[in-house]
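>>> What follows is a predicted structure for the sequence shown.
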Amino acid sequence: EAQVTQNPRYLITVTGKKLTVTCSQNMNHEYMSWYRQDPGLGLRQIYYSMNVEVTDKGDVPEGYKVSRKEKRNFPLILESPSPNQTSLYFCASSLSTGVKLFFGSGTQLSVL
Amino acid sequence: QKEVEQNSGPLSVPEGAIASLNCTYSDRGSQSFFWYRQYSGKSPELIMFIYSNGDKEDGRFTAQLNKASQYVSLLIRDSQPSDSATYLCAVNTGFNKFYFGSGTKLNVKP
């Protein structure tokens, strides 16, 4: 089954404790991206990747890191999480830019 | 100014009616336009996409694009209670970035 797999589904952590949210797609998609969704603000793009080893900042990259060492994986790293990073996070992939995005099931992150 | 603007709603329509959802965008260079549906606690799923001016129909859904007015709309005919969700307008500017509106919540009343 074609899908984007995101883990974990829920995560509660404390300020400053490094964490990684994993994202993997099995559709051989070139383009992958991360979003955060906050009430009233919609989905905002954090980082995106056009291909292996090619990443770039979205609109809200501060406090986040990404890597794309393999085509199928695009982890989101929070080196020192802060409470303002409490949000619902989505990973998405697509065959190329400007076409349909396939979303993962989301990660609800709470930073205390 | 936000890149993509939507009325947050809620928009309430009776079952069987036409629901009309609207979206405006700021970047005139935007190239592709999408409507996603998101149920509470779930991930967005694509409903429609449109690249050219005019109308595009798919079943009960019609997307309309007017690039001169920087306006995108989604019409849902014969609305059903199962259509009750938040509808997200998304725009791709051609620089590998997607911008989403904050969504319009639709309630279809039986």
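Here it is on my side, so go on. Numbers count the residues shown, from 1 in each chain, chains lettered A, B, ... in the order given.
>>> what residues does chain A put near chain B?
By Cβ under 8 Å from any Cβ of the partner chain, the residues of chain A that approach chain B are A:31, A:33, A:35, A:40-45, A:48, A:50, A:56, A:58-59, A:90, A:97-101, A:103-106. Any C-beta I mention is one placed from the backbone N, CA and C, and that applies to glycine too.
>>> Among the residues you listed, which lie within helices?
The helices, defined by DSSP state H, take in nothing from these.
>>> Now the buried members of those.
By neighbour count, with 16 or more other Cβ atoms under 10 Å in any protein chain shown, those hold A:31, A:33, A:35, A:42-45, A:48, A:50, A:58, A:90, A:97-98, A:101, A:103-104, A:106 as buried.
>>> Report the residue spans of chain B with pLDDT below the cut-off.
B:1, B:95 (pLDDT under 70).
>>> If we use 90, what do you get?
B:1-3, B:7-9, B:29, B:31, B:41, B:93-98 (pLDDT under 90).
>>> contacting residues for the residue sitting nearest the centre point of chain A?
Centroid-nearest residue in chain A: residue A:34, 3.1 Å away (criterion: Cα atoms, centre = their mean). Each residue near residue A:34 by Cβ atoms under 8 Å, 6 or more residues apart in numbering or on different chains is listed here: A:23, A:45-48, A:58, A:64, A:66, A:74, A:76, A:89-92.
>>> which among those residues gets closest to residue A:15?
residue A:64 (15.3 Å; Cβ to Cβ).
>>> My guess is that closest one contacts residue A:76. True?
Yes: applying Cβ atoms under 8 Å as the test, residue A:64 and residue A:76 come out as touching, 6.2 Å apart.
>>> any shared contact partners between those two?
Overlap of the contact sets of residue A:64 and residue A:76 (by Cβ under 8 Å, 6+ apart) consists of A:34, A:46, A:47.
>>> pLDDT for the residues you listed - can I get that in CSV?
Output for these, formatted as CSV (pLDDT from 0 to 100):
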residue, pLDDT
A:34, 97
A:46, 96
A:47, 96
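>>> Just those residues: which are in strands?
The members of the shared contacts of residue A:64 and residue A:76 that map onto strands under DSSP state E are A:34, A:46, A:47.
>>> measure the second one to residue A:66 for me?
It stands for residue A:46. 8 Å (Cβ to Cβ, to the nearest Å).
>>> got a pLDDT number for the residue nearest to residue A:112 when sequence neighbours are not counted?
Closest residue to residue A:112 apart from its sequence neighbours, by Cβ to Cβ, 6 or more residues apart in numbering or on different chains: residue A:14 at 5.2 Å. Predicted confidence (pLDDT) for residue A:14: 96.
>>> Appreciated, that's everything.
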